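Undergrad: mind folding the following:
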Amino acid sequence: MTRQIAFLDLPRQQARLKGAIQRRVDAVLQHCRFVMGPEVEELEQRLAAFGGAKHAIGVSSGTDALLMVLMAEEIGPGDAVFLPAFTYTATAEVVLLLGATPVFVDVEPDTFQISLASLRARLADVRRDEELEPRAIIAVDLFGQPAPWDELKAFAAETGLLLFADCAQSFGASYHGRRLGHEGRATTLSFFPSKPLGGYGDGGAILTDDEDLAALYRSLRTHGEGRTRYEVERIGINGRLDTLQAAVLLAKLDAFEGELERRDAIASAYDAAMPETIQPPARVADSQSAWAIYTVLLPDAERRDALQAHLKAAGVPTAIYYPKPLHRQPAYSEHHDGVSLPVSERLGSHVLALPIHPELTDEDVQYIIAALRSWAGE
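TA: Down below sits the predicted model:
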């Protein structure tokens, strides 16, 4: 009998957590401090503790978090910011919004994380051309797996570049025994509903160990406020996290550890039963993914598309993250110097994401595995 599997099952999660979420929301409805209410500060304290950072600043979205960390460094026209080509547009668009130039870097073919060899080559390109000032790196923990942070930190120290961590997909992951949250000068989080820790709308946060930066981020999120509301020290944005979103996230944070464990159990089940013709995602050594997305690789586009069609017929939804790298997108093509990034250009026709969320039952997981194996003829 054909099942109908959900790629992301927020209704089932809502039913499971309804009581805890309702109590948190009711408290906000009682005190009516809908902007910067006490739940925001409580969430910030818990996020900082969870991520191992000294400070957390709740903001309106993961994109605004990225924007603010660059604004704080006064990054703008003439500056180069290095980032992976194989990621979501938010990482790059904030660079252009500030008038700076994104310099796209290739990724590793097995982990999909930013390539140090490509990063070094792209920095050499920029320095040779002498048209841009190299300023910063934004590394992305793509799909929930950690980027090579030890190597990136050493590279940043060697070159004098600022290093920022885009952990939109990886909050809850760990790297060499430490939670992701303080690998870069600042770490940005997203609480978009599809993320492992997702709200009921947009939301984000910035984590940092630097007290002065934390104060600057708090000012930037409230229109550049100084010591009082009507003292404007700098140009900022309206980037605050709503109290209702903080309330929902606090309730979800109570269940987050268990959900991370469930995601990992599902990933392990997929890994163990994956047909030989389908390559499971590589695991970063001595690390733990948050498994925001479980992406497999097929030998070519024809077989990827055939598998996707087979799974759809079986009631198993899939997704392609990402069909085209950023430097090949119309919005960015004129900002790219034409250098080939072969891995990023190849992956879009080979990747396929399978359902992975804590509401999948063991029966659901076995059904998905059976559908994979039937396509492979096993």
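
Undergrad: after the helix or strand hosting residue 215, next one along is what?
TA: Element membership for residue 215, per DSSP states H and E: helix 211-221. Going down the chain from helix 211-221, the next helix or strand is helix 243-273, by DSSP H and E.

Undergrad: list the buried residues of that next one.
TA: Within helix 243-273, the residues scored as buried using 16 or more other Cβ atoms under 10 Å are 243-253, 255-256, 259-260, 262-264, 266-267, 269-270, 273. Backbone N, C-alpha and C define where each C-beta goes, glycine included.

Undergrad: now swap in stretch 290-305 and tell me
TA: 290-298, 303-304.

Undergrad: dump the C-alpha coordinates for that stretch into CSV.
TA: What follows is stretch 290-305, C-alpha atoms only, in CSV (Å, rounded to 0.1, in the frame of the first residue of the first chain):
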residue,chain,number,x,y,z
ALA,A,290,22.2,18.6,12.8
TRP,A,291,20.7,16.8,9.7
ALA,A,292,18.7,19.8,8.5
ILE,A,293,18.8,18.1,5.1
TYR,A,294,19.9,14.6,4.1
THR,A,295,21.3,14.8,0.5
VAL,A,296,22.4,11.8,-1.5
LEU,A,297,24.4,11.7,-4.7
LEU,A,298,23.5,9.9,-8.0
PRO,A,299,26.0,9.2,-10.8
ASP,A,300,24.3,11.5,-13.2
ALA,A,301,21.2,13.7,-13.8
GLU,A,302,19.3,10.9,-15.7
ARG,A,303,19.5,8.5,-12.8
ARG,A,304,18.8,11.3,-10.2
ASP,A,305,15.7,12.3,-12.1
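
Undergrad: now that stretch: average pLDDT?
TA: Mean pLDDT, stretch 290-305: 98.

Undergrad: how far does that stretch sit from its chain's centre?
TA: How far stretch 290-305 lies from its chain's middle: 18 Å, per Cα atoms, centre = their mean, to the nearest Å.

Undergrad: with stretch 104-113 instead?
TA: Distance, stretch centre to chain centre, for stretch 104-113: 15 Å (Cα atoms, centre = their mean).

Undergrad: what's the average pLDDT for that stretch?
TA: 98.

Undergrad: how much space between the residue nearest to residue 166 when sequence neighbours are not counted and residue 114?
TA: In space, and not counting its chain neighbours, residue 166 is closest to residue 140: 4.4 Å by Cβ to Cβ, 6 or more residues apart in numbering. According to Cβ to Cβ, to the nearest Å, residue 140 and residue 114 sit 7 Å apart.

Undergrad: what touches both of the two?
TA: Common contacts of residue 140 and residue 114 (Cβ atoms under 8 Å, 6 or more residues apart in numbering): 83-84, 147.

Undergrad: select only the buried ones of those in PyMOL?
TA: Burial among the shared contacts of residue 140 and residue 114 is assessed by 16+ other Cβ under 10 Å; the matching PyMOL selection reads:
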select buried, resi 83+84+147
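
Undergrad: coming back round to it: of the buried residues of stretch 290-305, which is the nearest to residue 75?
TA: For the buried residues of stretch 290-305, the closest approach to residue 75 (Cβ to Cβ) belongs to residue 292, at 26.7 Å.

Undergrad: contacts only, for that closest one.
TA: Contacts of residue 292 by Cβ under 8 Å, 6+ apart are 143-144, 169-170, 194-196.

Undergrad: tell me the contacts of residue 195?
TA: 168-169, 171, 292.

Undergrad: possible to save those as CSV with secondary structure?
TA: Listed next are the contacts of residue 195 as CSV, based on DSSP: H, G, I helix; E, B strand; the rest coil:
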residue, secondary structure
168, coil
169, coil
171, coil
292, coil
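
Undergrad: show me which of the residues you listed is closest to residue 182.
TA: Nearest to residue 182 among those, with distances taken as Cβ to Cβ, is residue 171, at 12.2 Å.

Undergrad: list the contacts of the nearest residue to the closest one once chain neighbours are set aside.
TA: Counting by Cβ to Cβ, 6+ apart, residue 171 lies nearest to residue 189, which is 5.1 Å off, once chain neighbours are set aside. Residues counted as contacts of residue 189 (Cβ under 8 Å, 6+ apart) are 47, 62, 65, 167-168, 171, 197, 204-207.

Undergrad: again, but for residue 323
TA: For residue 323, the contacting residues are 348-349, by Cβ under 8 Å, 6+ apart.

Undergrad: what sits against the closest residue in space to residue 366 that isn't next to it in sequence?
TA: Setting aside the residues directly before and after it, residue 366 is nearest to residue 269 in space (Cβ to Cβ, 6+ apart), at 7.9 Å. Residues near residue 269 by Cβ under 8 Å, 6+ apart: 365-366, 369.
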